[in-house]
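# sequence-free structure coming up:
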């Protein structure tokens, strides 16, 4: 290989057949054939000349340096590239990022990568999945790395070839997303690693994960802190090899801790550690055995942490306890399992107990009411696993103050990710710490500053701290509008193709202000031209459910018979069936097809009427019928029960496939968020409305699916080219039984 190229290959997912194909491998290694199965490939480009293939030049470090030497001109030159050229460049940027991710770049190359990513405005050929835009390469906005299992299987109709696969079992793919698209349900990337544990144990000839703990000790008789050590070498080897998966990402709370981590789910590891703890005798020592009978399991969500020497400390903090109200489950003890051993002064401090040395595979278990902090090892990587011990407790008391502070913390975390604001992140951390301390009756001082956000959406002014929302009173202020806007903002739902918060003007207010001062502030910024949100009416639905109006064209392009034979058909088509009427079958003239179409229209109409809000393009449309007020509570209702449609009699000629329902296809899909929320409490006064959003109440299961859509039917003469309407509805859909009988 010439000096103009540098091979930094770290991952290879090529099949044996491809690896044994010498000619194909040469194309890969020379950059002449883009691949996501062998990466990263870096091309220096130092000896390039006019004969250098474009496939190498456009992804070379030399070309990248030219682009960033004049950022404005570089961005313009990138935009001027053709699609194939941009694919080559984007592949090179992807591989350069991955090389940096694996620590393969030197300082000036890392600087080059940062500058290069900053001038790439939009990703090439992004993919939309579950409400989030995915890119195979980083760009100015798409900088957050996520891992998605079986990406190519989930998106079979899209080109996923440029997306790199980073783990074989499970099949994990790396994607880049915008921070602005993230919300509470997808901040953290939890990967499911049970398939990896199963495959790894099979490689070692072991059926199931079994381990044991050595004798436990209590370093301080005054503290509920216990130490022990994993005895099984295979468990240690498996946990150590997790690091080689390279799934690390910077943590959300990077302002208060150093290092990297990834979060994974494993019921296999949870069961093994649960069984080990039950048989070890540790539970008999914790609080003199008083909790032994109520112990349920080790949490199946694990945080895998890595700190390099020189990384920042993990500042003093309290762990947020796990809680499941439906099962009365709560975590009371933290479990730290050190995969590697090392030294610092201290490595870990829990309350006033310090650990200066920890051995490989040692466990430290401590009460979650204890503050603790950690430091990197002086030499070598500090790698440890964190989980918690879950107990059953039916006697917990509930304090609404904790819910208010916790809600504020979650909201400010979300907003800090959206705004990339470290000050909001620190404020969220302070709120979490105060909420965590109150869980254990350890009153902490309130955050040293209060933070409010003043926002505007379509002329509506409001102020929020993440728990309360204040809307100033005008002649057009409507409580339903206030509830919908507050909900959309809290969960950052998509409106059109953009997150709600990106459609709001926002300004931070960092000062302690009273309710009266908030009302005064809002009244000074009131707008007189606010008309409120659009309302859903029968007319709106009728306009969405127009009768099919496409001109009839038939399928004459597929006709290979005599032209005279077409004379028997009417000019606007025939109504028999696709076989006897070919190529002039017109589904709009066929009774069965139109009955299916009307049935689908009724289905869509019912779903539209049962939705509390619709997102029509960039416009929020409110259905007042499904937002109810009782006392000081606002209830956002879900699908109401509808009476079944009367049966339809199908009796006519139908000589061949496709069947009548297949001529009814999806014309469009209207976003209609599926909301399962607790009631919103509000207070009305002369100045306006104050709403309180406690969406994390322990006695409610909250769900907001802003990706749900309602299909709208359309008729087609070419059903094979469209998405069947029947594909978008469940077979058990009320009133649609006759549709599916055709397929039986």
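Ah, there it is. All figures in this text were calculated on a predicted structure; none of them were measured in a lab.
# any idea how the protein splits into domains?
Per the record, the chain has its domains at 1-169, 192-392, 400-532, 538-673+708-741, by automatic domain parsing.
# Can you tell me which of the ones you listed is nearest to residue 689?
Closest to residue 689 of these is domain 400-532 (Cβ to Cβ; 4.8 Å). Heads up, the C-betas are built off the backbone N, CA and C, glycines and all.
# can you tell me the average pLDDT over that closest one?
On average, the pLDDT along domain 400-532 is 84.
# Tell me who's in contact with the residue nearest to residue 618 when sequence neighbours are not counted.
When the adjacent residues along the chain are set aside, residue 618 lies closest to residue 496, with 4.2 Å between them (Cβ to Cβ, 6 or more residues apart in numbering). When the contact criterion is Cβ atoms under 8 Å, 6 or more residues apart in numbering, the partners of residue 496 are 615, 617-618.
# Adding distance to residue 687, write the domains of the chain out as TSV.
Conversion of the domains of the chain to TSV gives the following (distance: least, Cβ to Cβ, whole Å):
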stretch	distance to residue 687
domain 1-169	36
domain 192-392	36
domain 400-532	4
domain 538-673+708-741	17
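# and those domains, which one is worst for confidence?
Comparing mean pLDDT across those, the weakest is domain 538-673+708-741, with a mean of 70.
# any idea how far residue 586 is from residue 98?
54 Å (Cβ to Cβ, to the nearest Å).
# Specify which residue of the two has the higher count of neighbours.
For residue 98 and residue 586, the more surrounded residue by other Cβ atoms under 10 Å is residue 98, and the numbers stand at 24 against 21.
# for the more buried one, helix, strand, or coil?
Following DSSP: H, G, I helix; E, B strand; the rest coil, the label given to residue 98 is helix.
# Let me see the contact set for the residue nearest in space to the middle of the chain.
Central residue check for the chain by Cα atoms, centre = their mean: the C-alpha nearest the mean position is that of residue 186, 3.1 Å away. Residues near residue 186 by Cβ under 8 Å, 6+ apart: 132, 146.
# all helices of the stretch 551-700 of the chain, in order?
For the stretch 551-700 of the chain, applying DSSP state H, counting those that start in this stretch gives helices covering 591-610.
# Just the strands from it, written as ranges.
Per DSSP state E, counting those that start in this stretch, the stretch 551-700 of the chain carries strands over the ranges 613-616, 619-622, 627-630, 633-636, 664-671, 674-676, 680-685, 688-692.
# chain center to the last one, what's the gap?
Spelled out, that is strand 688-692. For strand 688-692, the gap between its own C-alpha mean and the chain's C-alpha mean amounts to 30 Å (Cα atoms, centre = their mean, to the nearest Å).
# Give the other helices and strands that that strand contacts.
strand 468-472, helix 479-491, helix 515-523, strand 680-685 (3 or more Cβ pairs under 8 Å, 6 or more residues apart in numbering; DSSP states H and E).
# and the residue lying closest to residue 669 once chain neighbours are set aside, how far is that from residue 120?
Taking Cβ to Cβ, 6+ apart as the measure, residue 669 lies nearest to residue 709, with 3.8 Å between them; neighbours along the chain are not counted. If you measure residue 709 against residue 120 using Cβ to Cβ, the figure is 30 Å.
# Residue 119 contacts residue 75, doesn't it?
Yes. Proximity of residue 119 to residue 75 meets the contact threshold set by Cβ atoms under 8 Å, at 4.3 Å.
# Of the two, give the one with the bigger neighbour count.
For residue 119 against residue 75, the residue with the higher neighbour count under other Cβ under 10 Å is residue 119, and the figures read 20 against 17.
# coming back round to it: report pLDDT for the residue nearest to the centre of the chain.
Predicted confidence (pLDDT) for residue 186: 75.
# Let me know the distance separating it from residue 58.
Counting by Cβ to Cβ, the gap from residue 186 to residue 58 is 33 Å.
# Also residue 582?
Note on residue 582: its distance to residue 58, by Cβ to Cβ, is 49 Å.
# quick one, which of the two is more surrounded?
Relative neighbour count places residue 58 above the other of residue 582 and residue 58, with 24 against 17, counting by other Cβ under 10 Å.
# if I read this right, the more buried one contacts residue 88, doesn't it?
Yes. With contacts counted by Cβ under 8 Å, residue 58 reaches residue 88, the gap being 4.3 Å.
# before we move on, the earlier item: next, the residue nearest to residue 618: phi, psi?
phi 70, psi -130 (degrees, to the nearest 10).
# what about the strands in the stretch 351-500 of the chain?
Along the stretch 351-500 of the chain, counting by DSSP E, counting those that start in this stretch, strands occupy 353-358, 362-367, 372-374, 382-392, 452-457, 460-464, 468-472, 494-495, 498-499.
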